[in-house]
Structures are given as C-alpha cells and as structure tokens.
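Q: Take this sequence and fold it.
(one chain, ligands or ions: 1)
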Amino acid sequence: MVGLGCGILFGNEDKNNWKTFWEFLHKAHPIINQRSKTIITDQDKGSSSSIKEILTEVGLFHCSFHRRQNILRKFGGGKGNTPLTAMWMYNRLMQCNNVSSIQYLRSKYSEKIHPSHLHYLGGIDDEQQYPAARCAMSDDIIMYGLSASSGAESMNRANDSVRRRTATDALNAALLWVQKESDRYERSKADAWKKDRFRSEKPLTPRGMSLMKDIFENCDTALYRITNVTETDTHHFAKIHKYSTPHREYEVKIPIEGQTHGSRFGTCTCGFPRKEGIPCDHMVAIVKVGAIPMLTKVSIMPYWFTREQWQLQFPTEVISPADITLAAMKSNSLKVDNLRYCPEWTVGRKKGRPKKGQRTLGITDHIQNSAKKRKRAQGGTARRRGELEIETILESEEADDIEQLLQADGVEAEIKGTIGIAD
Ligand SMILES: [Zn+2]
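A: Model (predicted):
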C-alpha cells in the first residue's frame, strides 16, 4: 500500500472538514480525479458528498466491512451461512466476477428472499457495492481484490500515538506524524531497492512472487479444454472452458508485445482478473500448457506486482526529511492567532435526524449538567475522589467560562465566532 495523503480532522467529521481534506489530496495528486479510480469509503454522509463535489470523476464504492456491519445490525445473519438472508445474498453477489452472474443469482433467488431484505440490498447501486458491477463500467477499472477500507483503518491504528497527541497539542502531534511517515517511506524505499544476489530471480515484489506461486500451484490444467487459439496484429485470443461446464466458455486476450515493464497481463471475459487484479485460472492454464508462444508465468503477472513499478513508487532520489524541531518551528513560523481550544458544545450540530424525543441541549443545559456532575462527584467514594476532583475542576472551569460568556455583551457573536473556528 502506498499512502497518497492523510490529515487530522479536528472537531466533527462534517462536510467542510472533509472538503478541506479532499481538496488537499486533489491538489497534491490531480491524477486521482479520473473515471478509472475508485474510492472506498464507509459512506459517511459528509465524506461522500464532499468527494462528489471535489473529485467529480471518481467512482464511489461502499466499504464491504461497514456494509456487512449495517446488514448485521438490521437483519442479523451472522457470517452469512443461513441461506436466503440479506447477508447470505450480499456475500454471494460480492463473490460474482461478472455482471451476468449477479443477474443470474438475483433472478434465481429474488422470489425466495424476504422483500425487506431485498429492498435493503437494493438501496445502493450495484456499481457502488459489488466489485463485478463496478469493474463492468469500463475496461480500465480494476478493483485489485479490494472492497473494504481496511487499508485506511490500519493506517489509523498505526498512527494511534499521533491521534492521542492531538488531544493536547496539534503541532506536537503533527511533528510526530511527519517523523512516522518519513520512517515508513525510508523503510519502503530500502525494501524496494534492496540488492541481493537473488534479485534477478525475483522480478516481482515479495507479494507478487508469493501470489504467482499460489495461482500456478493451484491451477489444475486437466480441468480445462482450450479451443480455438487465434491472433491479430496486437493480441492472442484463446477460448477456454471447463470440461465439466462446456456451456460456460471464456475468452482470454493477451497482448503480443510486453506492455508496462514487459507485462503481458491481459483480460478474460470471466471478469476475475480485473476484480482481483491477478491472472485468473483460465490465463494460468493457458500459460501452463503453452498455448500462447513465449508467455511465461512472470510475464502474465500484471505490472503492479513488478519490482520496477515498486521502485517507481519509492524513487531513491526523493528523501523524506523529518528533522523538524519545536524550536525551529518557533523561530521560523508565524503564530496562528485564531486557533483556539473549543469545548465540545461549541462544535456545530451533528448532521442527521436527532433521536426520537431527544431535545437539543442549549448553553444553559450544559451549565446545569456540569453542576449536576459536580454534585455527583462530591458523593463519590474515597477511592474515586482523586480522579473526580480533577474532573470537577475541569467541569467548573468550563462552567465559569460559559457564565463569563453569558455575562459579556454580544454573547451570540462570540459563540458564533468560536463555532466558525471549529468548523
Ligand atoms: Zn478467466
């Protein structure tokens, strides 16, 4: 995985915050705004509407991890082993490699599945939730076997120490973050350019090598029958089907000349190569029996698993400096005068429908609540008293601030000003 950009959102994950983030990413990498690019998100309202505004060309895709959580919450269904439940159907459609399989399964089961389950699954366009449908939109859309935002989640975990520091000081957190990013970049660069005596035998990345080994070991050529190998000026074509299913025939298309970094990764009408980003069993069988001349197991691998591509992603001449100190920041940078710590209640109201029967809290409510908390705190046991005292001090300070605010003239303007900063 290569990080394109990251940011810390202070306050709410609202549309404005997200917009700033996507604008930054677009400026740094204008190339991401293309029809062939897919952005997987948890479909947070602010996030997806801001992407639509800034990155007008990209395709949005709903993270399968979050989708499964939502289905589980609504209908149960565990891991999806119970037939004809929403989870079971979702899992089956996720596995489809092409649109005709999606249509086939749907027509086969739609009568038998409960309408509310079907309706829920249909709430999102196929292109935004099933990889096969997304890939079918254009020949250059590839999902690389990804359907969840797990990469972003694991980066969140890796940066946990940064996130914790944002509670005290944004600058301190940012410095640590730059240091961590720099370490990661230098480590990946060293890996990509590692010189050892086996290098010439490893033309692919470590992951590429192990994937190639797996797919070639697992393909049983005895299962397949290859018919009709033809060629044009630019491509070889081979028709292939399983002996057990002669009615399901697929066509593999392989470029005659090596493409990017010499790769001859082609396409197959089964849809698997673009959905998973690796050669399908059909391609592997064709290589193994030698049906297409000069096609090797390395050259059938897509270019994104080549060592050359890896090295392009981490150029040696680029260094990622991180020797920034607080003292240097103080002497070389300007102070941001409008940056303030804002209590939670000054942040703009959260989007979405308030819970039934719940009243929106005003400033006076916050004051009352903190007074209540203070009372509760005084009644605590001796063991807990130490911590509670600290809490009480914080609470009362906050309450004093609020009271001061209320007494001052132009309260409204002050509060609005704070909210403006928080946004
Ligand atoms: Zn295939």
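Q: tell me which element L211 falls in.
A: helix 206-218 (DSSP states H and E).
Q: in that helix, what counts as buried?
A: 208-209, 211-212, 215 (16 or more other C-beta atoms under 10 Å). The C-beta positions use only the backbone N, C-alpha and C, and glycine is treated the same way.
Q: helix, strand or coil for A371?
A: Assigned by DSSP: H, G, I helix; E, B strand; the rest coil, the conformation of A371 is helix.
Q: And it, how far from T364?
A: From A371 across to T364, the span is 11 Å (C-beta to C-beta, to the nearest Å).
Q: out of the two, which sits in the busier spot?
A: Neighbour totals were compared for A371 and T364, and A371 leads with 13 against 10 (other C-beta atoms under 10 Å).
Q: thinking again about what came up before, and the next helix or strand after the helix holding L211, what other elements does it pack with?
A: Next helix or strand after helix 206-218 toward the C-terminus (DSSP H and E): strand 224-231. Under the contact criterion of 3 or more C-beta pairs under 8 Å, 6 or more residues apart in numbering; DSSP states H and E, strand 224-231 touches strand 235-242, helix 281-289.
Q: Each with direction, which strands does the helix or strand following the first one pair with?
A: Moving toward the C-terminus from strand 235-242, the first helix or strand encountered (DSSP H and E) is strand 245-255. Strands flanking strand 245-255 in the sheet, each with its direction: strand 235-242 (antiparallel), strand 267-268 (antiparallel) (DSSP bridges).
Q: ok, the residue of the stretch 51-200 of the chain at minimum distance from the ion - contacts?
A: The stretch 51-200 of the chain approaches the ion most closely through N97 (7.9 Å), counting by C-beta to the ion. By C-beta atoms under 8 Å, 6 or more residues apart in numbering, N97 lies in contact with 132, 270-272, 275.
Q: wait, Q259 sits on Y303?
A: Yes: the pair Q259 and Y303 qualifies as a contact (C-beta atoms under 8 Å) at a distance of 6.9 Å.
Q: Pick out whichever of those two has more residues nearby.
A: Between Q259 and Y303, Y303 has the larger neighbour count (other C-beta under 10 Å), namely 18 against 13.
Q: Now do the phi/psi pair for that one.
A: Backbone torsions of Y303, given as degrees, to the nearest 10, read phi -60, psi -20.
Q: Which one of the residues in the stretch 101-250 of the chain is closest to the ion?
A: When distances are taken as C-beta to the ion, the stretch 101-250 of the chain reaches nearest to the ion at Y250, 4.8 Å away.
Q: got the residues of the stretch 251-400 of the chain near the ion?
A: 268, 270, 280, 282 (C-beta under 5 Å from the ion).
Q: Would you agree the residue of the stretch 51-200 of the chain closest to the ion falls within a strand?
A: No: counting by three-state DSSP, N97 is not part of a strand but coil.
Q: can you pull the contacts of the closest residue to it other than its chain neighbours?
A: Of all residues not flanking N97 in the chain, G271 sits nearest, at 3.8 Å (C-beta to C-beta, 6 or more residues apart in numbering). Contacts for G271 (C-beta under 8 Å, 6+ apart) come out as 96-99, 101, 132, 135-136.
Q: Closest one to P293 out of those residues, please.
A: Checking the contacts of G271 against P293 with C-beta to C-beta, the nearest one is N97 at 27.4 Å.
Q: and that closest one, backbone torsions?
A: phi -100, psi -20.
Q: so what's it scoring on pLDDT?
A: Among the per-residue scores, N97 shows a pLDDT of 96.
Q: That one and A285: what is the separation?
A: Taking C-beta to C-beta, one finds N97 at 16 Å from A285.
Q: picking that back up, tell me how far the residue of the stretch 51-200 of the chain closest to the ion lies from C280.
A: 8 Å.
Q: so what sits against both of these two?
A: By C-beta under 8 Å, 6+ apart, the residues touching both N97 and C280 are 270, 272.
Q: Distance of L84 relative to A291?
A: Distance from L84 to A291, by C-beta to C-beta: 41 Å.
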